[in-house]
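> Quick one, structure for this:
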Amino acid sequence: MDISTTTRAQLAPASFGRTVRAYVALTKPRVLELLLVTTVPVMILAQQGFPPLWLVVATVIGGSASAGSAAAFNMYLDRDIDAHMQRTENRPLVTGEVSPRGALIFAWSLAVASTLWLGFTTNWLAAALSAGAIFFYVVIYTMILKRRTEQNIVWGGIAGCFPVLIGWSAVTGSLAWPALILFLLVFLWTPPHYWPLSMKYRDQYDEVDVPMLGATRSGSQVGLQVILYAWATVVTSLLLIPVASMGIVYTASALVFGGWFIYESHVLYARAVRGTEPRPMRVFHASITYLTLLFVAIAVDPLLPF
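Next up is the predicted model:
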């Protein structure tokens, strides 16, 4: 399909508030919520207690700006396909609320500012990891993998794993095995989180020739992959127990919430095999809840005396 870069008819001059909201939308605020969920708990684990508040705030500000930069670059590069997908047709570059030039300047500004901010307020390892995350999401995922392979979200999803490394390095100035295990955990969690979403919007991905696995394979094939990755995610979460000396709160959470995540993955597969509606969004929302509760447990566990 030939996809041209289009925007809707020029809107009437926007108010200042509407313009601000449009630029905020470029940063994908819902993704920023996930950033907070994975960054702050890792900082608490690295500190084995609550880090200085100024350090937490500085890391969250820098990390949010970094993630916002990557999101803005992504919307700039994907504005052609966004215009043809119902899920993304209201994004600011499609509606014309933000110009491509304005979005690109905004993205570069956030990238430079976030790197310098983290470098001067935390350390340059955290800043370098932040810059690496932007590069991976923009160049490796958006520009190279997304439109070429159905494994795009597997390797492109690495960008979403960087917040755990940034949080750990902001506290310690180095990396260690617990941070690498959590990096692997988020890496393995990303496909079973995103593939169900691509199942729901498979027709839209087909229309714009983006080979998401949920659009290129049958429901049962996707469901099987979701099961395998869900099991791998939960097994990886258990590795943190001996490596980071995690206590009963984290151990119980990893087993209970992980078991629920695996159960929902099996339900998706079973329904797809039977030929009934697989209800993929159940797994999508379950994956978010699972990761959130697991990282809450990571934050709480070091603060307890047992």
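
> which parts of the biggest helix by length in the chain are buried?
If you go by DSSP state H, the chain has its longest helix at helix 248-274. Buried positions in helix 248-274, judged by neighbour count with 16 or more other C-beta atoms under 10 Å: 249-251, 253-254, 257-258, 261-262, 264-265, 267-269, 271-272. In this view, the C-beta of every residue, glycine as well, is placed from N, C-alpha and C.

> before we move on, what about stretch 102-116?
By 16+ other C-beta under 10 Å, the buried positions in stretch 102-116 come out as 102-103, 106-107, 110-111, 114-115.

> Residues contacting it, please?
Contact with stretch 102-116 is made by 23, 26-27, 62-63, 65-66, 68-70, 72-73, 75-76, 92-93, 98, 127, 130-131, 134, as judged by C-beta atoms under 8 Å, 6 or more residues apart in numbering.

> So which of these belong to strands?
Of the contacts of stretch 102-116, none are assigned to strands by DSSP state E.

> what is the orientation angle of the host helix or strand of residue 186 with helix 248-274?
Using DSSP states H and E, the element containing residue 186 is helix 177-200. Comparing the axes of helix 177-200 and helix 248-274 via axes from the mean of the first three to the mean of the last three C-alpha atoms, to 10 degrees yields an angle of 30 degrees.

> Helix 177-200 - contacts with which helices or strands?
Secondary structure elements in contact with helix 177-200, counted by 3 or more C-beta pairs under 8 Å, 6 or more residues apart in numbering; DSSP states H and E, are helix 29-47, helix 152-156, helix 162-172, helix 213-216, helix 219-243, helix 248-274, helix 280-300.

> so what does the fourth one touch, helix or strand wise?
With contacts defined as 3+ C-beta pairs under 8 Å, 6+ apart, the secondary structure elements packing on helix 213-216 are helix 177-200, helix 202-207, helix 219-243.

> one more time with 6 Å
If you count contacts as 3 or more C-beta pairs under 6 Å, 6 or more residues apart in numbering; DSSP states H and E, helix 213-216 packs onto helix 177-200, helix 202-207.

> next one: it to chain centre, how far?
Distance of helix 213-216 from the chain centroid (C-alpha atoms, centre = their mean, to the nearest Å) equals 19 Å.

> how about it: buried residues?
Under 16+ other C-beta under 10 Å, the buried positions of helix 213-216 are 213-216.

> and the helix holding residue 186, average pLDDT?
Across helix 177-200, pLDDT averages out at 95.

> And for stretch 135-150?
On average, the pLDDT along stretch 135-150 is 93.

> Tell me which residues are up against it.
Residues outside stretch 135-150 that contact it (C-beta atoms under 6 Å, 6 or more residues apart in numbering) are 70, 73-74, 77, 152, 155-156, 158-159, 210-211, 213, 216.

> Point out the least confident one among those.
Within the contacts of stretch 135-150, pLDDT reaches its minimum at residue 156, with 83.

> Let me see the contact set for that residue.
By C-beta under 6 Å, 6+ apart, the residues touching residue 156 are 141, 145.

> gap between it and residue 124?
26 Å (C-beta to C-beta, to the nearest Å).

> How about residue 166?
Distance of residue 166 to residue 124, given as C-beta to C-beta: 12 Å.

> more crowded one of those two?
residue 166 (29 against 13; other C-beta atoms under 10 Å).

> contacting residues for that one?
Listed by C-beta under 6 Å, 6+ apart, the contact set of residue 166 reads 63, 126, 129-130.

> Local confidence estimate at the most centrally placed residue in the chain?
Centroid check for the chain by C-alpha atoms, centre = their mean gives residue 160 as the closest residue, at 4.4 Å. At residue 160, the pLDDT value in this model is 90.

> Got the phi and psi for it?
phi -70, psi -10 (degrees, to the nearest 10).

> Also residue 143?
The phi/psi pair for residue 143 (degrees, to the nearest 10) is phi -80, psi -30.

> Check the spacing between it and residue 156 real quick.
Applying C-beta to C-beta to residue 143 and residue 156 gives a distance of 10 Å.

> same check, this time on residue 128
The gap separating residue 128 from residue 156 is 20 Å, by C-beta to C-beta.

> Just send the buried residues of helix 213-216 back as a markdown table, with distance to residue 245 too.
Formatted as a markdown table, the buried residues of helix 213-216 follow (distance: C-beta to C-beta, whole Å):
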| residue | distance to residue 245 |
| --- | --- |
| 213 | 37 |
| 214 | 38 |
| 215 | 43 |
| 216 | 43 |
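
> quick one: which of those is nearest to residue 232?
Residue 232 has its nearest neighbour among the buried residues of helix 213-216 in residue 213, at 15.7 Å by C-beta to C-beta.
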